[in-house]
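Trainee: all I have is the shape, not the residue letters:
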DNA sequence: GAGGGATTTGACCAAATGGTCAAGATGCAA
DNA sequence: TTGCATCTTGACCATTTGGTCAAATCCCTC
C-alpha cells in the first residue's frame, strides 16, 4: 500500500527498531489515536499526547519530528486494519454468507476500535488531506475489485441487481455510524456497541436489513427470499 | 426546543434586531458554518471567520461574545432544519411512500447542505459537548414518537418487523454518509451529490435497498414484495 | 567500568490565537 | 444640523502551542 511517509527521523543502526524505540513508538501511537480521535488534528496537543504516553513533549518529538508526523503515523497504523475486512469478501462464497460476515466484521471493528473509526471519519470529513492519494489508488482498486465480485454474483443470479458501490457505501455508513455517533446512539437508546447485547442486536438488525435489501437472507434465520 | 443560550449580548431596543445586526449576524453564521464544518471547532479561527464574513475580528466579537458563542449559534441555526425531515413522517401515510419521502428529503439535505451535515457530525463525534442535552430531550422524544409510528405500521401488518430505532439509524447513517464522506465518494466514483445524476442514482439505490430491507417497495417502481 | 551513542528533559522561542479596550466612524431621530 | 447610540476597527495583551537546543542521564558494548 502507498504509505504516508514511513519511519520517523530517529536514527538507528540497520532496519530494526531498538527495544526502547519499539515500546515508545507504540505508546505514542496509542496515545495519539486517543487524542486525535477525540479532538481532531487541530484540537489535539502534542503535550497532551506526550503526557498520555507517559513522557515529555521533547521526548515525543525525538521519536516523531512533528505533530503532523505523529498524525500520519497514527493514520497509517490504523488504515491497514481498518480496510482489512473488505479484503476477505470471498468470490467463491455465497453472497448471503459473505455479506453477513463482512457486516459482522465491520460492526466488530466499530465495537472494538471506535477511536480508529472516528479518526478515519475525521480525516475524510476534513477533505482527507493526508490519505486522499491512498483513497484514489489502493482503496479505489480494492473497491473496484470487490464491486466486480458483487457484479458476478448478480450476473450468476445469486442476488438482486444492485449497484455494488452503493451497497458498499451503505455497509460502511451503517456500521461505522455506530462507532462515530455512539454518543448520539447512547443518548437515544441508553446503550452503545460497548454493550455486548446491543452489539448483537445491532448486528442482527443491520444484517437483516441489508441482506433483505439485496434480496437475500441467512439460511439459519428464516426462509429464502431470492 | 431547548436552545443553546439564545441571542448574543449585543444590546438593542426591544425584541427585533436592527437592519445591520440582521445582516451581519447572518453573514457571520454563514461564514462560521463554512469554517467550522471544514476545520472543526478547534481548527477554525475567529479571524478567518471574520474575514470570510467581510469584517474585522473585533467587529465579529461585537456580535458574538466568544468563539464558542459563534459555534453554538451556528449549531442552533442548523439543528432545526437538520432534524426537520423526520418530523414529516406521517402516521396516516403508507410506509413505503413515507419512508421513501423521508429518505429523499435526507438525501436532498445532504446534497444542499453538506456543511451542516459535517458540522453536526463533528459535534457528535467529539462527544456532542454542546448539543448533548438536546439529543437527550428533544431528539429522544422525536425518535420515540416516530418509532411508535413505525411500530404501528408493523402491528398493522404494513411492513416487516424491524427495530424502528435501528431503521432510523440506518437511514441517518446512509444519507448523511454521502455528505460527510463526499471526498471519499468522489475519490472512488468520480462524483458526489453535487452531481444531479449521482444524487438521483444515490436516492434510487438507497431507497430501494432500505425499502426492500423492510419488506416494502414503491408501487411506481415494480412489483410488491410484502 | 569506560567510552560513546541512544534517550530524556527543562528551558526557551516564535507564531498563532482568543479576547479586550479605547477611540473613531457611521447612521438615525428630533 | 446636532446629539447620541450603534457600529467598526487597530493596537494591544495573555495564553497556548509546536518546535529547538544544549545539557544531562541511561544503556549497551568492548
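Mentor: In hand now; what should we look at? What you are looking at is a predicted structure, and each value in this text was computed from that prediction instead of being measured.
Trainee: would you map the helices across chain A?
Mentor: Assigned by DSSP state H, the helices in chain A fall at A:19-43, A:46-53, A:57-63, A:67-87, A:95-112, A:114-125, A:132-134, A:140-155, A:164-180, A:182-189, A:196-213.
Trainee: closest one to residue B:123 among these?
Mentor: When those are compared by Cβ to Cβ, helix A:182-189 sits nearest residue B:123, at 9.4 Å. Just so you know, the C-beta spots here come from the backbone N, C-alpha and C atoms, and that holds for glycine as well.
Trainee: now the helices of chain A in a markdown table, please, with extra columns for distance to DNA strand D.
Mentor: A markdown table is the format used below for those (distance: least, Cβ to the nearest atom of the strand, whole Å):
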| stretch | distance to DNA strand D |
| --- | --- |
| helix A:19-43 | 6 |
| helix A:46-53 | 4 |
| helix A:57-63 | 4 |
| helix A:67-87 | 3 |
| helix A:95-112 | 28 |
| helix A:114-125 | 15 |
| helix A:132-134 | 20 |
| helix A:140-155 | 30 |
| helix A:164-180 | 23 |
| helix A:182-189 | 22 |
| helix A:196-213 | 34 |
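Trainee: just the closest residue of chain A to DNA strand C, please.
Mentor: Residue nearest to DNA strand C within chain A: residue A:58 (2.9 Å; Cβ to the nearest atom of the strand).
Trainee: near chain B, anything from stretch A:127-134?
Mentor: Yes - for stretch A:127-134 and chain B, the contact criterion (Cβ under 8 Å from any Cβ of the partner chain) is met by A:127-128, A:132.
Trainee: who's in contact with residue A:52?
Mentor: Residue A:52 is in contact with A:31, A:34-35, counting by Cβ atoms under 8 Å, 6 or more residues apart in numbering or on different chains.
Trainee: now tabulate those in a markdown table and tack on neighbour count and pLDDT.
Mentor: Listed next are those as a markdown table, based on neighbours: other Cβ atoms under 10 Å in any protein chain shown; pLDDT from 0 to 100:
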| residue | neighbour count | pLDDT |
| --- | --- | --- |
| A:31 | 22 | 98 |
| A:34 | 18 | 98 |
| A:35 | 26 | 98 |
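Trainee: from the residues you listed, pick the one nearest residue B:150.
Mentor: residue A:34 (37.1 Å).
Trainee: so the closest one sits right up against residue A:115, yeah?
Mentor: Yes - in this structure, residue A:34 sits in contact with residue A:115. The criterion is Cβ atoms under 8 Å, and the distance is 6.1 Å.
Trainee: any idea how far residue A:103 is from residue A:204?
Mentor: Here the criterion is Cβ to Cβ, to the nearest Å. By it, residue A:204 lies 10 Å from residue A:103.
Trainee: neighbour count: these two, which is higher?
Mentor: When residue A:204 and residue A:103 are compared on other Cβ atoms under 10 Å in any protein chain shown, the one with more neighbours turns out to be residue A:103, at 22 against 14.
Trainee: show me what contacts that one?
Mentor: Going by Cβ under 8 Å, 6+ apart, residue A:103 touches A:171, A:175, A:203, A:206-207, A:210.
Trainee: just give the nearest non-adjacent residue to it, would you?
Mentor: Across the structure, with Cβ to Cβ, 6 or more residues apart in numbering or on different chains as the measure, the residue nearest residue A:103 apart from its sequence neighbours is residue A:207 (5.0 Å).
Trainee: surely the one you found touches residue A:102?
Mentor: No - using Cβ under 8 Å, residue A:207 is not in contact with residue A:102; the gap is 9.6 Å.
Trainee: shared neighbours, these two?
Mentor: Shared between the contact lists of residue A:207 and residue A:102 (criterion: Cβ under 8 Å, 6+ apart) there are no residues.
Trainee: could you dump the contacts of residue A:103 into TSV with neighbour count added?
Mentor: Formatted as TSV, these follow (neighbours: other Cβ atoms under 10 Å in any protein chain shown):
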residue	neighbour count
A:171	21
A:175	28
A:203	20
A:206	27
A:207	24
A:210	24
